[in-house]
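Enquirer: Please work out how this folds:
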Amino acid sequence: MVGGGPGAFSSDPEKSRHMGTELGLYPARVYGSYAEMAAAEAELPPDRRIEAVAVVTPNDLHHPVAMAFLEAGIHVICDKPLTTRLEDAEELCREVAQRDLVFCVTHNYSGYPMVKEARERVRAGELGELRKIVVEYSQGWLSTLLEAEDHKQASWRADPERAGVSSALGDIGSHAHHLARYVTGLGMTELFADLGTLVDGRVLEDDATVLIRYQGGVRGVLMASQISAGERNHLRLRVYGSEGGLDWCQERPDRLRLVRPDGTELVLHDGADGLSNRAIAHQRLPGGHPEGFIEAFANLYRNVAATIDARAGRSQPGPFDDDFPTVQDGARGVFFIGRAVESGKAGSWLAANYEPPG
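Expert: Numbering: from 1, shown residues only. Here you go, the predicted structure:
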């Protein structure tokens, strides 16, 4: 059955059309390039053109692709990191503000219901005065020089021309950075980064440890590693305050562990009674049915769609429709990556206060 669309699926027009055929899309709506797609969709009447586009290219194309669709008046959902250069990220921020468009960066880990529960409990002061943030993202898939074996993902992620100035921080450290800010609401004030390349022949760093000082004197450490042999997607956030702490791990995303100074602990499960309205609004399955990576993505997409519908006057805005990472969140991530790389080269603490335009 032929339907749906449109799309541009490769830098090779023939490959793009072949993928469109495999997906069963209308041939006329399968384009040979993103530029062709943006221009053609902009010419269609409002009831036929796309309202939003998903940008899932290598990092170096995020800025030009996103800009092309913003200039066409089309909302954008973009993979992370937002761009490879801060000036490009800030240009996107200004363009979004000027055109009043919706822009989401897919830090999808913030879409998990129990991450939202963690956010609500921290923001409500349940942990007391915040003191320490520990966030870790460990993988082992680049423990060997996989990019030398013509591995498609490794080849571009390890290439500074396509990935940007960083590999480990840009690819997974950006998720850890966003997760800590999303839950705590705290911005950085200073950072000190130790970046290393452990696999011989690799150009970019594959392991990073960043000491962070957050607003209010809160101390933090962020670890991102792609050479932690045996690890898959071990993203873990711990936040500690004067009255207790919390612990969430992405590989068991339906659980949130709360600890108290007296040694007691409480483990909350997705679907349990007493969760916050924000967490409940993002539950998709009954308790005991695992909600995972795809559902977290779906929560972001749903909120973006609801926001677009509300702006178009097709629905009333819901209380959590705006709960998705914005272009400004993306710019903060790009700043963090660049600043950490600078710190690693200088071997010193650097100021890390930053607020993006728009």
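Enquirer: Look at V2 and report its pLDDT.
Expert: pLDDT recorded at V2 is 50.
Enquirer: isn't I77 right up against L101?
Expert: No - using CB atoms under 8 Å, I77 is not in contact with L101, being 11.2 Å away. Heads up, the C-betas are built off the backbone N, CA and C, glycines and all.
Enquirer: between those two, who's got more neighbours?
Expert: When I77 and L101 are compared on other CB atoms under 10 Å, the one with more neighbours turns out to be I77, at 21 against 18.
Enquirer: Now the phi/psi pair for the more buried one, please.
Expert: Dihedral pair for I77: phi -120, psi 120, per degrees, to the nearest 10.
Enquirer: ok, which stretches of the stretch 101-250 of the chain are helices?
Expert: 113-123, 152-157, 160-163, 168, 174-184 (DSSP state H, counting those that start in this stretch).
Enquirer: pull the CA atoms of stretch 350-358 into PDB?
Expert: Extracted C-alpha coordinates of stretch 350-358, given in PDB (Å, rounded to 0.1, in the frame of the first residue of the first chain):
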ATOM      1  CA  LEU A 350      36.500  27.700  33.100                       C
ATOM      2  CA  ALA A 351      33.500  29.800  33.700                       C
ATOM      3  CA  ALA A 352      30.400  28.000  32.400                       C
ATOM      4  CA  ASN A 353      27.500  30.500  32.800                       C
ATOM      5  CA  TYR A 354      25.500  30.600  29.600                       C
ATOM      6  CA  GLU A 355      22.000  31.600  28.500                       C
ATOM      7  CA  PRO A 356      21.200  31.200  24.800                       C
ATOM      8  CA  PRO A 357      19.400  33.900  22.700                       C
ATOM      9  CA  GLY A 358      15.700  33.800  22.100                       C
END
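Enquirer: Tabulate the helices of the stretch 101-250 of the chain (CSV), appending mean pLDDT and mean neighbour count.
Expert: Below are those laid out as CSV (pLDDT from 0 to 100; neighbours: other CB atoms under 10 Å):
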stretch, mean pLDDT, mean neighbour count
helix 113-123, 98, 22
helix 152-157, 96, 16
helix 160-163, 97, 15
helix 168, 98, 27
helix 174-184, 98, 24
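Enquirer: So for Y301, which of those helices sits nearest?
Expert: Smallest distance to Y301 across those (CB to CB): 15.4 Å, for helix 113-123.
Enquirer: Can you list the neighbours in contact with the closest one?
Expert: 109-110, 127, 130, 179, 182-185, 237, 239, 241, 246, 248, 253-256, 258, 268, 270, 275-276, 278-280, 282-283, 291, 323 (CB atoms under 8 Å, 6 or more residues apart in numbering).
Enquirer: For ChimeraX, write the select line for the buried members of these.
Expert: A single ChimeraX command selects the buried members of the contacts of helix 113-123 (16 or more other CB atoms under 10 Å):
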select :109,110,127,130,179,182,183,184,237,239,241,246,248,253,254,256,258,268,270,275,276,278,279,282,283,291,323
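Enquirer: Thanks a lot, see you next time.
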